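1. only the shape, not the letters, is given here:
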């Protein structure tokens, strides 16, 4: 008889021992009693009544999900290959277990669909220059849906946008044409500024005839600097007089 009691006692001991569960700091335990949701257990050494209760562990750390590269079409019918990453975490463990079968898979699918919708309603230039706004719009759409599952979307990043080869060539030509246009404008602005300066110089010289003659003589001297060249000049009579005047001085 005592032997039987020992056996029964050992069975009860191991039965109760099997109910001890360990939850790490980043885990929560969703408890079901006879199949019905009961409560959520916090981290630490916890006991769950065997057979009667069942515990599902939920990791509440931020998770990273890589959304596979997919082809999307912009509002102006330009195909793109987009690659995104979504960061999310579980805020309500009970909802993440009870309201959705596989919340990680659901988050990925929702992000893919939202990516297609947002880019499909935006033109190519906006998509290429406003990635943050595109990502913010996708996050808002996905977050609205997943909040009912107890899942919070931390952020969404668009890692890569790849254009078709034909579009890359067209954009390169457009950029080259833009650079040439700017170069022409800069050259024209330089010509305008130079002409303005010449006009001012001409105005100043016209106020002093002596300055004009001196400038003429200086030009003649520069031209005659090379002894191998002969230059015949027909000077106006007043220029000759001016030369005499300077010679006398």
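-> Now that the structure is in, tell me what you want to look at. Just so it is clear, the structure is predicted and the values come from calculations on it, not from any experiment. Numbering: from 1, shown residues only.
2. host element of residue 64?
-> According to DSSP states H and E, residue 64 maps onto strand 63-73.
3. what pairs with that strand, parallel or antiparallel?
-> Using DSSP bridges, the strands paired with strand 63-73 are strand 79-90 (antiparallel).
4. and the longest helix along the chain, what other elements does it pack with?
-> The longest helix of the chain (DSSP state H) is helix 165-206. Packing partners of helix 165-206 (3 or more CB pairs under 8 Å, 6 or more residues apart in numbering; DSSP states H and E): helix 209-223. Glycine gets a C-beta too; all of them are placed from N, C-alpha and C.
5. how far off centre is the helix it packs on?
-> In terms of CA atoms, centre = their mean, to the nearest Å, the centre of helix 209-223 is found 62 Å from the chain centre.
6. cool, stretch 3-13 as well?
-> 67 Å.
7. now what about that stretch, what contacts it?
-> Outside stretch 3-13, not one residue touches it by CB atoms under 8 Å, 6 or more residues apart in numbering.
8. give me the mean pLDDT for that stretch.
-> Across stretch 3-13, pLDDT averages out at 85.
9. what is the least confident helix or strand in this protein?
-> Sorting the helices and strands of the chain by mean pLDDT, DSSP states H and E puts helix 237-248 at the bottom, at a mean of 57.
10. so how many other residues sit close to residue 217?
-> Residues within reach of residue 217, counting by other CB atoms under 10 Å, total 15.
11. how far away is it from residue 224?
-> From residue 217 across to residue 224, the span is 10 Å (CB to CB, to the nearest Å).
12. ok, now how distant is residue 71 from residue 127?
-> Residue 71 sits at a distance of 13 Å from residue 127 (criterion: CB to CB).
13. what do you get for residue 100?
-> Counting by CB to CB, the separation of residue 100 from residue 127 is 30 Å.
14. of those two, who's got more company?
-> residue 127 (23 against 17).
15. count the residues that sit near the residue nearest to residue 136 when sequence neighbours are not counted.
-> Excluding the flanking residues, the one nearest residue 136 by CB to CB, 6 or more residues apart in numbering is residue 156, at 8.0 Å. Look at residue 156: counted by other CB under 10 Å, it has 25 neighbours.
16. roughly how far is stretch 157-165 from the heart of the chain?
-> Its chain's average C-alpha position is 11 Å from that of stretch 157-165, according to CA atoms, centre = their mean.
17. just stretch 26-44 next, same as before
-> How far stretch 26-44 lies from its chain's middle: 41 Å, per CA atoms, centre = their mean.
18. try stretch 204-212
-> For stretch 204-212, the distance to the chain centre is 61 Å (CA atoms, centre = their mean).
19. okay, and for this protein, where does confidence drop off?
-> Applying pLDDT under 70 to the chain picks out residues 1, 226-249.
20. make it 90
-> Scanning the chain with the threshold set as pLDDT under 90 gives 1-19, 51, 67-83, 122-131, 145, 158-183, 191, 195-249.
21. what's the helix or strand for residue 75?
-> Assigned by DSSP H and E, residue 75 falls within no helix or strand.
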